[in-house]
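Trainee: Need coordinates for the following:
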Amino acid sequence: MTTTSWTDLAQLLSDRPEVATSTALAAEDQAGYFDRNRQPLLDRGIDRADGVTTAIALVDALAETGELAYLDETADAETVAAALGALAPVRESGVDLSSVAELDVRLEPALGAANLLLTEAGLYVLILEEDVDEYPLVVVPTARVSEILEAAGRAGAGIRVPVAPN
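Mentor: As a prediction, this is how the structure comes out:
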C-alpha cells in the first residue's frame, strides 16, 4: 500500500479533488487525518489515530461529497433502488430503477439487478468493503471498473462487484 496507489484509486472513484486529498492524508499521516476529522471519527467510535484506515478515509470522503450510498446487509430492493437513485450519476443518467424496487430480494441480488439496468447507461455499482455488515456503494462509469479493481488491488483496498441475480 502506498499513498500513490490510494490516491490513484480515489481519483478513479471520484472526480472531486477533495476525495483524493483526504485519502492521501490518511495514507500519509493517520494522526493528521484524525486531528482534522476528530468529531466525525469519534461519532463513528474511532477514538484514536491508529484506528483510522485509508479505506475509512476514502469512504468518508466519498460520503461527504455525496458520491456514496451506505446500506447495511438487511437492505431490501426498494431501499437499494432509492439509495442508488439518489446518487448523482444515476439521477443524471435517467435510469429508472423502479423494477429493482419491486423485487422481493435483499441487498446483493438487488445490486446485481440494478447493475443490469445501469450498464445500459454506462454505469456500474461497486461495493467498497469496509465492514462485514455495512455496504458503502459507489456508482462509476463502466469504462473505469477494470481500472478501479486493479487500482484497488495495488492499494490493498477491498472493492468488489455485487453478486448478479439468478
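
Trainee: Kindly tell me how buried Thr23 is, as a neighbour count.
Mentor: Thr23 has 31 neighbours, counted by other Cβ atoms under 10 Å. C-betas here are computed from N, CA, C, even on glycine.

Trainee: Next, work out how far apart it and Arg48 are.
Mentor: 20 Å (Cβ to Cβ, to the nearest Å).

Trainee: How many residues are close by the nearest residue to Glu102 once chain neighbours are set aside?
Mentor: Using Cβ to Cβ, 6 or more residues apart in numbering and skipping residues adjacent in sequence, the residue nearest Glu102 is Ala77, 7.2 Å away. With neighbours defined by other Cβ under 10 Å, the count for Ala77 comes to 23.

Trainee: Quick check: Ala77 vs Leu71, distance?
Mentor: 11 Å.

Trainee: how about the strands in the protein?
Mentor: Secondary structure of the chain (DSSP state E): strands at 69-72, 123-128, 134-141, 159-160.

Trainee: got a list of what the spatially closest residue to Ala101 that is not a sequence neighbour touches?
Mentor: Leaving aside its sequence neighbours, Ala101 sits nearest to Ala81 (Cβ to Cβ, 6+ apart; 3.8 Å). Ala81 makes contact with Leu97, Ser98, Val100, Ala101, Ala110, Ala114, according to Cβ atoms under 8 Å, 6 or more residues apart in numbering.
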